[in-house]
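J.: Sequence plus the predicted model coming up.
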Amino acid sequence: MTKFGHTELPQEQEQALRRAIRLAWWTIGFLVTAVTLVYLVMGSSQAMKAAWAEDLLSFIPPVSFLVAVHLTRRPPSPRHPYGYHRAIGVGHLVAATALVTMGLFLVWDSTSGLLAAEHPPVGLMVVAGQPVWSGWLMIAVMAYTAVPPVLLGRAKMPLARALHDRVLHADADMNKADWMTALGGIVGVLGIGLGLWWADGVAALFISGSILRDGVGNLRVAVSALMDARAETVDGDEPHPVVGELDARLEALPWVARARSRVRDEGHVFHVESFVVPADGRPPTFDQLRAAREAGDALDWKVRDMVVVPVEELPEELLPGLDAEPAGHDAG
Amino acid sequence: MPTDPDGTLDRVRGGVLRVGVSPAPPWTAPASDGSAPGPGGIEPDLVRAFAETLDAEVEWTSGGEQALVDGLERDELDLVVGGLTADSPWVDHATLTYPYAQATGPEGDKELHVMAVQVGENAFLVELERFLLDQDVRP
């Protein structure tokens, strides 16, 4: 049985995890070939340089995914009572920071090249004894790097949702957009071929802009997750539906009048603190409390480390936004 | 493909090829006396043969490498020869051709010989590279 910490994965997640690990290795294998080929042909083209940097950066998400998955398997210990789930968030932050840094550098680099009106030189290369204009080699390599990442990205996206894995999600997102980098590179090289020296710089700027945009988007999600923001969907767009379902499930228990939960995303799994107000004002029995925890566990595999706290009334200072809820809100 | 942004190849074809020569025997040697048609040495001979393929006249300028590379940047020269090698420091200011000859340097290390042209004039660059790769140059 595969585990995240002490969380046993349901079969669907276990299969998704195994597939995701295999895809991460495929991605790394593809990137090794892409980085080598682009390096061999890139010459002095700014656009090729930007594309190469992007390929190099693309190593970070699959590698941090593999490292994070390895770490999150460790069970919680006295020193790490919450387990190692945060490794995902750390990996995500590292990947996002690398993207932002490289994006900024490349935007600056290609802008200054354009402003200085640098004309990119692209001459001959000798391949297997034949002289070939390197532009054709660049175009061929870019075309090769266009397709596999899109397929990998499409395959990873549903797995990222199933596993609630943000690093994998960021990786899939970048892979899916990778064909634009390749196309940008091809347009830049064709531009050089037609004597439009600025086409290369413009293509490089477009590619660096996309790296920077990826970076900023990922940084936003990674930082908010590490800041213990509310649990959100894997793309960081909206609150995770499990939070509302959890409150509804608790309120459906006969002894519970009201329930509200604070849920944070540890990476893969959620740690939950649920505040419940007993219906008749009397403290619940141990059996009732255990049943409440089990109801939460049964709701979703991600719900772990659930703490149920019986309270006289819901503590507003611990549940911000509570008094802003419309009357009769049923959390569903 | 490719095309020159500033049209060097079109201008040189049937026109004038402006070449800078810096002394580096045996690759280049300054004209021995006024009667010789320009400088001697391996590279000037190659340049003359290349100019012939383009039906162009060669206009020679001699000087130090620095001055000649400045000439490329100011669009006063099309081509610079002077025993340049692939690890030349001018790479930011000029484009070096694909190495067309290999020689052994003074310390027994391998030297890849190149010529220098204006940055980004890719049609002219490729024309010259194709010509040079067709020659069998041995120092």
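T.: Okay, I see it.
J.: Please list the residues of the stretch 151-300 of chain A that sit near chain B.
T.: A:192-197 (Cβ under 8 Å from any Cβ of the partner chain). Backbone N, C-alpha and C define where each C-beta goes, glycine included.
J.: Out of those, who's the most crowded?
T.: Within these, neighbour counts (other Cβ atoms under 10 Å in any protein chain shown) peak at residue A:192, which reaches 32 neighbours.
J.: do you know how far that one is from residue B:123?
T.: 11 Å (Cβ to Cβ, to the nearest Å).
J.: burial measure for the residue in chain B that chain A sits nearest to, as a count.
T.: Here chain B gets closest to chain A at one residue, residue B:120, 2.3 Å apart by Cβ to the nearest Cβ. By the measure other Cβ under 10 Å, the count of residues near residue B:120 is 24.
J.: so what's the backbone phi/psi at it?
T.: Backbone torsions for residue B:120, taken as degrees, to the nearest 10, come to phi 90, psi 0.
J.: And residue B:57, by the same measure?
T.: phi -90, psi 140.
J.: ditto for the one 4 residues further on
T.: Residue B:61 has phi and psi values of phi -130, psi 130 when expressed as degrees, to the nearest 10.
J.: List the beta-bridge partners for it.
T.: residue B:20 (DSSP bridges).
J.: how close does it get to residue A:23?
T.: 60 Å.
J.: Between the two, tell me which one has more neighbours.
T.: More neighbours surround residue A:23 than the other of residue B:61 and residue A:23, with 22 against 15 (other Cβ under 10 Å).
J.: Can you give me the distance of that one to chain B?
T.: Noted for residue A:23: a distance of 38 Å to chain B, by Cβ to the nearest Cβ, to the nearest Å.
J.: so that residue sits right up against residue A:155, yeah?
T.: Yes. The pair residue A:23 and residue A:155 passes the contact test of Cβ atoms under 8 Å, sitting 5.8 Å apart.
J.: Now residue A:201. Nearest residue, chain neighbours left out?
T.: Spatially, and ignoring its direct neighbours in sequence, residue A:201 is nearest to residue A:114 (3.9 Å; Cβ to Cβ, 6 or more residues apart in numbering or on different chains).
J.: phi, psi of the one you found?
T.: Dihedral angles for residue A:114 - degrees, to the nearest 10 - are phi -70, psi -40.
J.: I'd say it and residue A:203 touch.
T.: No. Contact criterion Cβ under 8 Å: residue A:114 and residue A:203 do not qualify, at 10.7 Å.
J.: between these two, which one's more packed in?
T.: residue A:203 (28 against 17).
J.: Help me confirm that residue A:250 is found in a strand?
T.: No. Assigned with DSSP: H, G, I helix; E, B strand; the rest coil, residue A:250 falls outside any strand and is helix.
J.: Around it, count how many other residues there are.
T.: Residue A:250 has 23 nearby residues by other Cβ under 10 Å.
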